[in-house]
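Q: any chance you can model this:
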Amino acid sequence: MSAPSQPDDADASRAARGAPREGLGVALATSAYGVSFGALAVASGLDVWQTCVLSLVMFTGGSQFAFIGVIAAGGLAAAPAAIASATLLGVRNLAYGIRMAPVIGGSLWRRAAAVQFTIDESTAVSLAQPTPRARTLGFWVTGIGIYVGWNISSLLGALLGDLLGDPKAYGLDAAAAAAFLALLWPRLRQRQAIAVGVAAAIVATVLTPALMPGLPVLIAALVAVVVGVFNWFAPPGPAAGFAEPDDVPEREGLP
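A: Got it, this is the predicted structure:
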(Lines give C-alpha, C1' and ligand atoms only; values in the text may rest on other atoms or scores of the structure.)
Protein backbone atom coordinates (compact mmCIF):
# COMPACT_ATOMS: atom_id res chain seq x y z
CA MET A 1 0.00 0.00 0.00
CA SER A 2 1.40 3.36 -0.98
CA ALA A 3 2.21 5.98 1.62
CA PRO A 4 -0.40 8.72 2.13
CA SER A 5 0.17 11.81 0.02
CA GLN A 6 1.54 14.88 1.73
CA PRO A 7 0.00 18.33 1.23
CA ASP A 8 1.91 20.48 -1.26
CA ASP A 9 3.11 23.98 -0.38
CA ALA A 10 -0.05 25.65 -1.67
CA ASP A 11 -2.31 23.33 0.31
CA ALA A 12 -0.18 23.78 3.43
CA SER A 13 -0.34 27.56 3.05
CA ARG A 14 -4.13 27.48 2.67
CA ALA A 15 -4.42 25.24 5.73
CA ALA A 16 -2.25 27.59 7.79
CA ARG A 17 -4.46 30.53 6.80
CA GLY A 18 -7.68 28.65 7.35
CA ALA A 19 -6.90 27.23 10.79
CA PRO A 20 -6.90 30.63 12.59
CA ARG A 21 -10.16 31.61 10.89
CA GLU A 22 -11.76 28.35 11.96
CA GLY A 23 -10.40 28.78 15.47
CA LEU A 24 -11.74 32.33 15.76
CA GLY A 25 -15.16 31.22 14.53
CA VAL A 26 -15.32 28.50 17.16
CA ALA A 27 -14.05 30.95 19.79
CA LEU A 28 -16.82 33.43 19.03
CA ALA A 29 -19.53 30.78 19.20
CA THR A 30 -18.21 29.24 22.40
CA SER A 31 -17.51 32.56 24.12
CA ALA A 32 -21.14 33.55 23.72
CA TYR A 33 -21.99 30.65 26.00
CA GLY A 34 -19.96 32.34 28.76
CA VAL A 35 -22.75 34.88 29.20
CA SER A 36 -25.00 32.02 30.21
CA PHE A 37 -22.45 30.76 32.72
CA GLY A 38 -21.95 34.19 34.28
CA ALA A 39 -25.66 34.76 34.71
CA LEU A 40 -26.31 31.28 36.11
CA ALA A 41 -23.32 31.46 38.47
CA VAL A 42 -24.62 34.66 40.08
CA ALA A 43 -28.10 33.17 40.27
CA SER A 44 -26.58 30.14 42.04
CA GLY A 45 -25.20 32.30 44.83
CA LEU A 46 -21.71 33.23 43.64
CA ASP A 47 -20.76 36.89 43.48
CA VAL A 48 -19.20 38.55 40.43
CA TRP A 49 -15.62 38.07 41.61
CA GLN A 50 -16.12 34.41 42.47
CA THR A 51 -17.65 33.86 39.05
CA CYS A 52 -14.69 35.49 37.30
CA VAL A 53 -12.10 33.58 39.33
CA LEU A 54 -13.87 30.31 38.57
CA SER A 55 -13.66 31.04 34.83
CA LEU A 56 -10.06 32.19 34.99
CA VAL A 57 -8.80 29.20 36.98
CA MET A 58 -11.06 26.29 36.09
CA PHE A 59 -11.76 27.24 32.44
CA THR A 60 -13.61 24.19 31.27
CA GLY A 61 -17.24 24.91 30.56
CA GLY A 62 -18.71 21.53 31.44
CA SER A 63 -16.95 21.43 34.81
CA GLN A 64 -17.96 25.00 35.59
CA PHE A 65 -21.62 24.35 34.88
CA ALA A 66 -21.51 21.12 36.90
CA PHE A 67 -19.98 23.02 39.82
CA ILE A 68 -22.56 25.82 39.92
CA GLY A 69 -25.39 23.38 39.26
CA VAL A 70 -24.59 21.40 42.39
CA ILE A 71 -23.98 24.57 44.41
CA ALA A 72 -27.34 25.94 43.31
CA ALA A 73 -29.07 22.77 44.44
CA GLY A 74 -27.33 22.30 47.78
CA GLY A 75 -25.59 25.54 48.72
CA LEU A 76 -22.12 25.66 50.26
CA ALA A 77 -22.77 22.37 52.06
CA ALA A 78 -22.74 20.71 48.64
CA ALA A 79 -19.25 22.05 47.81
CA PRO A 80 -17.55 18.60 48.05
CA ALA A 81 -20.08 17.12 45.65
CA ALA A 82 -19.68 20.14 43.36
CA ILE A 83 -15.92 19.68 43.29
CA ALA A 84 -16.29 15.95 42.62
CA SER A 85 -18.69 16.58 39.73
CA ALA A 86 -16.43 19.23 38.19
CA THR A 87 -13.42 16.93 38.53
CA LEU A 88 -15.18 14.04 36.83
CA LEU A 89 -15.94 16.20 33.82
CA GLY A 90 -12.41 17.60 33.80
CA VAL A 91 -10.83 14.14 33.57
CA ARG A 92 -11.34 14.14 29.82
CA ASN A 93 -8.80 16.94 29.49
CA LEU A 94 -6.09 14.51 30.55
CA ALA A 95 -6.79 12.45 27.45
CA TYR A 96 -6.71 15.61 25.34
CA GLY A 97 -3.35 16.53 26.84
CA ILE A 98 -1.86 13.16 25.91
CA ARG A 99 -3.16 13.45 22.36
CA MET A 100 -1.99 17.04 21.94
CA ALA A 101 1.52 16.58 23.39
CA PRO A 102 3.13 15.79 19.99
CA VAL A 103 1.35 18.77 18.42
CA ILE A 104 2.49 21.23 21.09
CA GLY A 105 6.03 19.89 21.48
CA GLY A 106 8.74 22.33 22.44
CA SER A 107 10.01 23.21 25.88
CA LEU A 108 8.53 22.49 29.28
CA TRP A 109 7.30 26.10 29.48
CA ARG A 110 5.51 25.76 26.15
CA ARG A 111 3.76 22.60 27.31
CA ALA A 112 2.89 24.19 30.65
CA ALA A 113 1.37 27.19 28.88
CA ALA A 114 -0.71 24.87 26.70
CA VAL A 115 -2.32 23.11 29.68
CA GLN A 116 -4.81 25.90 30.37
CA PHE A 117 -5.91 26.01 26.73
CA THR A 118 -6.30 22.25 26.20
CA ILE A 119 -10.07 21.93 25.99
CA ASP A 120 -12.64 20.26 23.74
CA GLU A 121 -12.70 22.96 21.10
CA SER A 122 -8.96 23.66 20.80
CA THR A 123 -8.26 19.93 20.52
CA ALA A 124 -10.97 19.42 17.91
CA VAL A 125 -9.90 22.39 15.76
CA SER A 126 -6.26 21.35 15.92
CA LEU A 127 -6.78 17.70 15.00
CA ALA A 128 -9.07 18.67 12.13
CA GLN A 129 -6.15 20.36 10.32
CA PRO A 130 -4.07 18.56 7.66
CA THR A 131 -0.59 19.95 8.39
CA PRO A 132 1.60 20.35 11.49
CA ARG A 133 1.67 24.15 11.31
CA ALA A 134 -2.09 24.38 10.81
CA ARG A 135 -2.67 22.06 13.77
CA THR A 136 -0.44 24.20 15.98
CA LEU A 137 -2.06 27.45 14.86
CA GLY A 138 -5.53 25.98 15.25
CA PHE A 139 -4.79 24.93 18.81
CA TRP A 140 -3.34 28.22 20.03
CA VAL A 141 -5.78 30.53 18.26
CA THR A 142 -8.80 28.53 19.42
CA GLY A 143 -7.59 28.04 22.98
CA ILE A 144 -6.47 31.61 23.58
CA GLY A 145 -9.47 33.06 21.73
CA ILE A 146 -11.93 31.08 23.85
CA TYR A 147 -10.06 31.86 27.07
CA VAL A 148 -10.22 35.61 26.46
CA GLY A 149 -13.75 35.59 25.09
CA TRP A 150 -15.13 33.22 27.73
CA ASN A 151 -13.81 35.29 30.60
CA ILE A 152 -15.09 38.55 29.14
CA SER A 153 -18.53 37.09 28.47
CA SER A 154 -18.62 35.45 31.92
CA LEU A 155 -18.03 38.87 33.47
CA LEU A 156 -20.73 40.44 31.33
CA GLY A 157 -23.16 37.64 32.19
CA ALA A 158 -22.47 38.05 35.90
CA LEU A 159 -22.94 41.83 35.73
CA LEU A 160 -26.04 41.74 33.52
CA GLY A 161 -27.59 38.48 34.70
CA ASP A 162 -30.68 40.08 36.18
CA LEU A 163 -31.27 42.11 33.03
CA LEU A 164 -30.77 39.17 30.67
CA GLY A 165 -33.28 36.88 32.33
CA ASP A 166 -33.08 33.21 31.41
CA PRO A 167 -29.99 32.74 29.16
CA LYS A 168 -31.59 29.67 27.61
CA ALA A 169 -34.20 31.91 26.01
CA TYR A 170 -31.44 33.18 23.70
CA GLY A 171 -30.16 29.72 22.81
CA LEU A 172 -26.82 30.38 24.50
CA ASP A 173 -26.96 27.03 26.26
CA ALA A 174 -26.61 25.31 22.88
CA ALA A 175 -23.82 27.46 21.40
CA ALA A 176 -20.86 25.39 22.59
CA ALA A 177 -22.49 22.06 21.73
CA ALA A 178 -23.38 23.32 18.24
CA ALA A 179 -19.84 24.53 17.61
CA PHE A 180 -18.35 21.21 18.71
CA LEU A 181 -20.84 19.23 16.62
CA ALA A 182 -19.93 21.31 13.57
CA LEU A 183 -16.29 20.28 14.04
CA LEU A 184 -17.10 16.64 14.68
CA TRP A 185 -19.58 16.07 11.87
CA PRO A 186 -17.17 16.18 8.88
CA ARG A 187 -14.97 13.57 10.57
CA LEU A 188 -17.74 10.97 10.82
CA ARG A 189 -16.89 9.38 7.49
CA GLN A 190 -16.44 5.73 8.41
CA ARG A 191 -18.63 3.11 10.04
CA GLN A 192 -16.51 2.88 13.17
CA ALA A 193 -16.61 6.62 13.90
CA ILE A 194 -20.35 6.79 13.22
CA ALA A 195 -21.01 3.76 15.46
CA VAL A 196 -18.99 5.31 18.30
CA GLY A 197 -20.79 8.64 17.99
CA VAL A 198 -24.27 7.15 17.92
CA ALA A 199 -23.64 4.68 20.75
CA ALA A 200 -21.98 7.27 22.99
CA ALA A 201 -24.84 9.71 22.43
CA ILE A 202 -27.42 7.07 23.37
CA VAL A 203 -25.50 6.04 26.49
CA ALA A 204 -25.08 9.64 27.66
CA THR A 205 -28.74 10.47 27.00
CA VAL A 206 -30.02 7.44 28.91
CA LEU A 207 -27.70 7.88 31.89
CA THR A 208 -27.84 11.67 32.33
CA PRO A 209 -31.14 11.71 34.28
CA ALA A 210 -29.97 8.90 36.57
CA LEU A 211 -26.35 9.71 37.46
CA MET A 212 -24.47 12.66 38.92
CA PRO A 213 -22.98 15.16 36.44
CA GLY A 214 -19.76 13.90 34.89
CA LEU A 215 -20.38 10.18 35.13
CA PRO A 216 -22.51 9.87 31.94
CA VAL A 217 -19.76 11.58 29.93
CA LEU A 218 -17.07 9.24 31.24
CA ILE A 219 -19.20 6.13 30.76
CA ALA A 220 -20.06 7.21 27.22
CA ALA A 221 -16.34 7.67 26.54
CA LEU A 222 -15.83 4.01 27.41
CA VAL A 223 -17.81 3.18 24.27
CA ALA A 224 -14.95 4.50 22.16
CA VAL A 225 -12.43 2.54 24.24
CA VAL A 226 -14.33 -0.74 23.84
CA VAL A 227 -14.86 -0.25 20.11
CA GLY A 228 -11.20 0.65 19.66
CA VAL A 229 -9.91 -2.33 21.67
CA PHE A 230 -11.99 -4.82 19.72
CA ASN A 231 -11.73 -2.83 16.47
CA TRP A 232 -15.43 -3.23 15.76
CA PHE A 233 -16.93 -1.77 12.57
CA ALA A 234 -13.47 -0.93 11.22
CA PRO A 235 -12.91 -1.22 7.45
CA PRO A 236 -10.01 -3.36 6.18
CA GLY A 237 -6.62 -1.72 6.29
CA PRO A 238 -4.84 0.54 8.76
CA ALA A 239 -7.22 3.50 8.52
CA ALA A 240 -10.05 3.02 10.95
CA GLY A 241 -12.25 5.39 12.90
CA PHE A 242 -11.29 9.03 12.93
CA ALA A 243 -8.82 10.23 10.36
CA GLU A 244 -5.43 10.71 11.94
CA PRO A 245 -2.70 13.09 10.79
CA ASP A 246 -0.48 11.66 8.08
CA ASP A 247 2.75 12.77 9.67
CA VAL A 248 4.37 13.33 13.03
CA PRO A 249 3.83 17.02 13.82
CA GLU A 250 6.94 19.12 13.76
CA ARG A 251 7.46 21.84 16.31
CA GLU A 252 5.97 24.58 14.20
CA GLY A 253 3.62 27.47 14.80
CA LEU A 254 3.49 30.02 17.55
CA PRO A 255 6.43 30.39 19.95
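Q: any weak-confidence spans in the stretch 101-250 of the chain?
A: Counting by pLDDT under 70, the ranges of the stretch 101-250 of the chain that qualify are 162-187, 212-215, 217, 234-250.
Q: show the residue spans covered by the helices in it.
A: Assigned by DSSP state H, counting those that start in this stretch, the stretch 101-250 of the chain shows helices spanning 108-115, 120-127, 132-164, 175-184, 191-207, 215-230.
Q: quick one: the ones you listed as CSV, columns for mean neighbour count and distance to residue 21 too.
A: Placement of C-beta: from N, CA and C, glycine included. Converted to CSV, these look like this (neighbours: other CB atoms under 10 Å; distance: least, CB to CB, whole Å):
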stretch, mean neighbour count, distance to residue 21
helix 108-115, 13, 21
helix 120-127, 25, 10
helix 132-164, 21, 9
helix 175-184, 17, 13
helix 191-207, 16, 25
helix 215-230, 15, 29
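Q: among those helices, which is nearest residue 61?
A: Comparing the helices of the stretch 101-250 of the chain by their distance to residue 61 (CB to CB), the top pick is helix 175-184, with 5.8 Å.
Q: figure out which of the helices of the stretch 101-250 of the chain is closest to residue 51.
A: Of all the helices of the stretch 101-250 of the chain, helix 132-164 comes closest under CB to CB, at 4.4 Å.
Q: quick one: residue 10 from residue 131, how far?
A: Distance, residue 10 to residue 131, using CB to CB, to the nearest Å: 11 Å.
Q: again with residue 21
A: From residue 21 across to residue 131, the span is 15 Å (CB to CB).
Q: residue 154 now?
A: 33 Å.
Q: same question for residue 151.
A: On the measure of CB to CB, residue 151 and residue 131 end up 30 Å apart.
Q: also residue 17?
A: 11 Å.
Q: neighbour count winner among the two?
A: Between residue 17 and residue 131, counted using other CB atoms under 10 Å, the more crowded position is residue 131 (23 against 11).
Q: elements contacting the helix of greatest length in the chain?
A: As assigned by DSSP state H, the longest helix anywhere in the chain is helix 9-43. Packed against helix 9-43, as judged by 3 or more CB pairs under 8 Å, 6 or more residues apart in numbering; DSSP states H and E, are the following elements: helix 48-57, helix 61-74, helix 120-127, helix 132-164, helix 175-184.
Q: now it: mean pLDDT?
A: For helix 9-43, mean pLDDT rounds to 84.
Q: next, the angle from that helix to helix 61-74.
A: 10 degrees (axes from the mean of the first three to the mean of the last three CA atoms, to 10 degrees).
Q: quick one: buried residues of helix 9-43?
A: By neighbour count with 16 or more other CB atoms under 10 Å, helix 9-43 contains the buried residues 12, 15-16, 19-20, 22-24, 26-27, 29-43.
Q: distance to residue 63 added to the helices of the stretch 101-250 of the chain, as a markdown table?
A: Shown next, in a markdown table, are the helices of the stretch 101-250 of the chain (distance: least, CB to CB, whole Å):
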| stretch | distance to residue 63 |
| --- | --- |
| helix 108-115 | 14 |
| helix 120-127 | 11 |
| helix 132-164 | 13 |
| helix 175-184 | 13 |
| helix 191-207 | 16 |
| helix 215-230 | 10 |
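Q: right, and these - which one's nearest residue 53?
A: For those, proximity to residue 53 was assessed by CB to CB; helix 132-164 is nearest, at 10.1 Å.
Q: could you check the angle that closest one makes with helix 108-115?
A: Computed by the same axes, to 10 degrees, the angle separating helix 132-164 from helix 108-115 equals 40 degrees.
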